[in-house]
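Novice: Turn this into a model:
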Amino acid sequence: MVVGIHLTGLKEPVSFKVKVDGEKIVSMDLDISYNHRGIEKGVEQKTLNKSIHLIERICGICSQSHTTNFCKGIEEIMKITVPKRAQFIRVIMGELERISSHLLWLGLTGYEIGFNKLFMRALSDREIVQDLREIISGARVTHAINKFGGVRRDITDEMKKKILNDIKILGKKIEYYTDLIEIEKNLKKRMKGIGYLSREKIKHLNSVGPTARGSGIKIDVRKDDPYLVYDEIPFKVIVSNKCDVYGRTYVRIYEIVESVKIIKYCIENLPKGSISINFEEKVKLGEVISLYEAPRGELFHYIKINDKSMIDRFHVRTPTFSNWTSVIEAMKGMDVADMPIVIESIDPCLSCTARTTIVDTEDKHLKTMTWEELGEYSIRLYKEKGIWWD
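Specialist: Now for the predicted structure:
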């Protein structure tokens, strides 16, 4: 059971203890708490086929990422070659998930800074992607399309036409966001120079995904350690040298553009053939580290199979866990009002935010704010500075 305030941006327990001098943040202590759902241990008590259902529920936003990463790890241990058509379908579903995640992030970022038009526009455009995910898999959140040796559902010729048509429409809609990041003055004022993370600091903190790429680090598992058919697909790794919230926003927006191109390529070049092979749970000892480029960055799975063909050990390191330390660094010297946008810029995935405690260095007074109160404070302060959207 999760107890606390349920919010749209952050979904698991986390507490920020912030030390301030006036309006400037001097230091931050981060307590991500421990919300034990028992998934890792639960997987260790199940057979291989039964474990996928549980692993898909590690994260609703990245359900496809977790099952694909887990399946490819088991397939590597079992020395299974997945049919090409199934690999293409996995890529299509993975890139749809990336677009869905980035648009959700973009909408919530707009919400945090009072840019409600951006919030509504991004969530509306995201419905195009959600509908396509439902058409392909039969569901909008947990898709249950992956299985060992391939996928459960095929893409028909009729579905291909629908996907190509909707992706074309989405591609035109994305132009609004690429124009926005280039010309919207208030957005630049709200993001440029905020939450600065140097290239050297990112390397030191081992940050991943758009957080790292927004500081000029060209790191992407799809290119660095290709899986599925990414080595056959032409696409660019988006990087920005801005090193701030603006840079991380730029990366995510243009990654949507690249994902649209990847999906179009996969549909137009979808090979014929089977979508799966027979898989039998044979006695096969082995262990593997499986990596996947989830929307937030490198997803790490460690899998060990025992002599009963069951999971002996399963461990997950999500990209959010890798990126949390960068938030502490990015907040130094920032205004309290910048906290929501800086924290949101790493796209954190936790179950619910408990509280923020602010310590004034002069009178040693403690003030506890909910995330909602902090957001309202941030929007109000910037509105007084003239940064506002009608």
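
Novice: Which residue is the nearest non-sequential neighbour of I303?
Specialist: Spatial nearest neighbour of I303, excluding adjacent residues (CB to CB, 6 or more residues apart in numbering): G73 at 4.6 Å. To be clear about C-beta, it is placed using only N, CA and C from the backbone, and glycine gets the same treatment.

Novice: Checking my notes, that neighbour in a strand, right?
Specialist: No. Under DSSP: H, G, I helix; E, B strand; the rest coil, G73 sits outside any strand and is assigned helix.

Novice: Which residues are in contact with it?
Specialist: Under the criterion of CB atoms under 8 Å, 6 or more residues apart in numbering, the neighbours of G73 are V288, I289, S290, H301, I303.

Novice: Can you check what pLDDT the model gives the first one?
Specialist: Residue-level confidence at V288 comes out at 95, pLDDT.

Novice: Please name the bridge partners of it.
Specialist: On the basis of DSSP bridges, V288 is bridged to I303.

Novice: In this structure it contacts R313, no?
Specialist: No. Using CB atoms under 8 Å, V288 is not in contact with R313, being 11.2 Å away.

Novice: Common neighbours of the two, please.
Specialist: Y302, I303.

Novice: what about the strands in the stretch 151-300 of the chain?
Specialist: 286-294, 297-305 (DSSP state E, counting those that start in this stretch).

Novice: about what we covered before: buried ones only from the contacts of G73, please, as a ChimeraX command.
Specialist: Selection of buried members from the contacts of G73 for ChimeraX, criterion 16 or more other CB atoms under 10 Å:
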select :288,290,301,303
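
Novice: of the contacts of G73, closest to G375?
Specialist: H301 (33.9 Å; CB to CB).

Novice: ok, the closest one - contacts?
Specialist: H66, N69, F70, G73, I289, S290, L291, Y292, F314, H315, V316.

Novice: Can you add distance to S207 and give the residues you listed back as TSV?
Specialist: As requested, the contacts of H301 are exported to TSV (distance: CB to CB, whole Å):
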residue	distance to S207
H66	20
N69	19
F70	24
G73	23
I289	19
S290	20
L291	16
Y292	17
F314	24
H315	20
V316	18
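
Novice: top of these by neighbour count?
Specialist: In terms of neighbours by other CB atoms under 10 Å, those top out with F70 at 28 neighbours.

Novice: Which strand or helix spans that residue?
Specialist: helix 63-78 (DSSP states H and E).

Novice: Just the buried residues of that helix, please?
Specialist: In helix 63-78, counting by 16+ other CB under 10 Å, buried: 63-75, 77-78.

Novice: ok, so of those residues, who is nearest L170?
Specialist: Distances from L170 to the buried residues of helix 63-78, taken by CB to CB, are shortest for Q64, at 17.7 Å.

Novice: so how far is Y250 from the closest one?
Specialist: Note on Q64: its distance to Y250, by CB to CB, to the nearest Å, is 25 Å.

Novice: before we move on, what about I311?
Specialist: I311 is 40 Å from Y250, by CB to CB.

Novice: pLDDT below threshold where in the stretch 251-390 of the chain?
Specialist: For the stretch 251-390 of the chain, the stretches with pLDDT under 70 are 283, 350-368, 371, 390.

Novice: Helices along that one, start to end?
Specialist: 319-331, 339-344, 371-384 (DSSP state H, counting those that start in this stretch).

Novice: Which one of these lies nearest to F235?
Specialist: Evaluated over the helices of the stretch 251-390 of the chain, closeness to F235 peaks at helix 319-331, with 19.1 Å, by CB to CB.

Novice: got the buried residues for the closest one?
Specialist: By neighbour count with 16+ other CB under 10 Å, helix 319-331 contains the buried residues P319, T320, F321, S322, N323, W324, S326, V327, E329, A330, M331.

Novice: residues contacting I155?
Specialist: Neighbours of I155 in contact, by CB under 8 Å, 6+ apart: I89, I92, I136, I163, I267, L270.

Novice: and the helix holding F70, how far from the chain's centre?
Specialist: Taking CA atoms, centre = their mean, to the nearest Å, the mean C-alpha location of helix 63-78 is offset from the chain mean by 17 Å.

Novice: Following it in sequence, what is the next regular element?
Specialist: Per DSSP H and E, helix 63-78 leads on to helix 84-112 as the next helix or strand towards the C-terminus.

Novice: Grab the nearest non-local neighbour of L104.
Specialist: R126 (6.1 Å).

Novice: how much space is there between that neighbour and R133?
Specialist: Counting by CB to CB - R126 and R133 are separated by 10 Å.

Novice: which neighbours do the two share?
Specialist: Common contact partners of R126 and R133 (CB under 8 Å, 6+ apart): S100.

Novice: give me the number of residues near E255?
Specialist: Residues lying near E255 (other CB under 10 Å) number 24.

Novice: got it, and N49?
Specialist: 12.

Novice: Next, the angle strand 297-305 makes with the helix or strand where it lies.
Specialist: Per DSSP H and E, N49 falls inside helix 48-55. Using axes from the mean of the first three to the mean of the last three CA atoms, to 10 degrees, the direction of helix 48-55 lies 150 degrees away from that of strand 297-305.

Novice: now what about helix 48-55, what contacts it?
Specialist: Contacts for helix 48-55 (CB under 8 Å, 6+ apart): 39, 42-43, 46, 66-67, 70-71, 74, 144, 146-148, 279, 281, 305, 309-311, 314.

Novice: just stretch 221-236 next, same as before
Specialist: Under CB under 8 Å, 6+ apart, the answer for stretch 221-236 is 68, 72, 82, 84, 87-88, 90-91, 94, 237, 258, 261-262, 265-266, 291-293, 298.
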